[in-house]
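Student: have a look; sequence and predicted model below, questions after that.
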Amino acid sequence: MKLFCLAYCSTATKPLNLAEVRRLASNASQKNTAINITGCLVYSNNQFFQILEGSQENINSLYLKISKDPAHTNLKILCYNQIEIRMFRNWGMGLIETNKTKEILKVHFEKKFSPEELSPSQTIHFAKDIQKLFCP
């Protein structure tokens, strides 16, 4: 099976607290595990950044569902590539809490978390930095 990685960002339609984001990631993790999707989620400043890894069919189907979710708007695909191995192979949907990633965020974002400004290569670099820190 060929593996693919899709990274996208979006804006929450209402601010979420940490408990709500944790619940969202936990629910996504359970659903993703059932369809062999792995990845991670970052939420800060009302912005989501998410990476999905799996078969092209499963990623396309899941992203279509995600794109119809009224909990967020302004979806933007940052990169969508075939990959050799999963970066987040042990996570159905790992939540990256931004209080634990301040240094990474400072490296990739000048003033505030704004993933929509990432180029495809910057997106991959950001994802690899997350992986190094949380999935060595």
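Tutor: Yes, it's here. Numbers count the residues shown, from 1 in each chain.

Student: Phe134 reaches Gly94, doesn't it?
Tutor: Yes: contact status for Phe134 versus Gly94: in contact at 6.6 Å, counting by Cβ atoms under 8 Å. Yep, even glycine has a C-beta here, placed from its N, CA and C like the rest.

Student: mutual contacts of these two, please.
Tutor: Counting by Cβ atoms under 8 Å, 6 or more residues apart in numbering, the residues touching both Phe134 and Gly94 are Cys40.

Student: for the longest strand along the chain, packing partners?
Tutor: Ranked by number of residues, the top strand in the chain under DSSP state E is strand 72-83. When contacts are defined as 3 or more Cβ pairs under 8 Å, 6 or more residues apart in numbering; DSSP states H and E, strand 72-83 packs onto strand 3-12, strand 47-54, helix 56-67, helix 120-134.

Student: for the shortest one, packing partners?
Tutor: Spelled out, it's strand 47-54. Under the contact rule (3+ Cβ pairs under 8 Å, 6+ apart), strand 47-54 is packed against strand 3-12, strand 38-44, helix 56-67, strand 72-83.

Student: ok, that strand: who's next to it in the sheet?
Tutor: Next to strand 47-54 in the sheet, as set by DSSP bridges, lie strand 3-12 (antiparallel), strand 38-44 (antiparallel).
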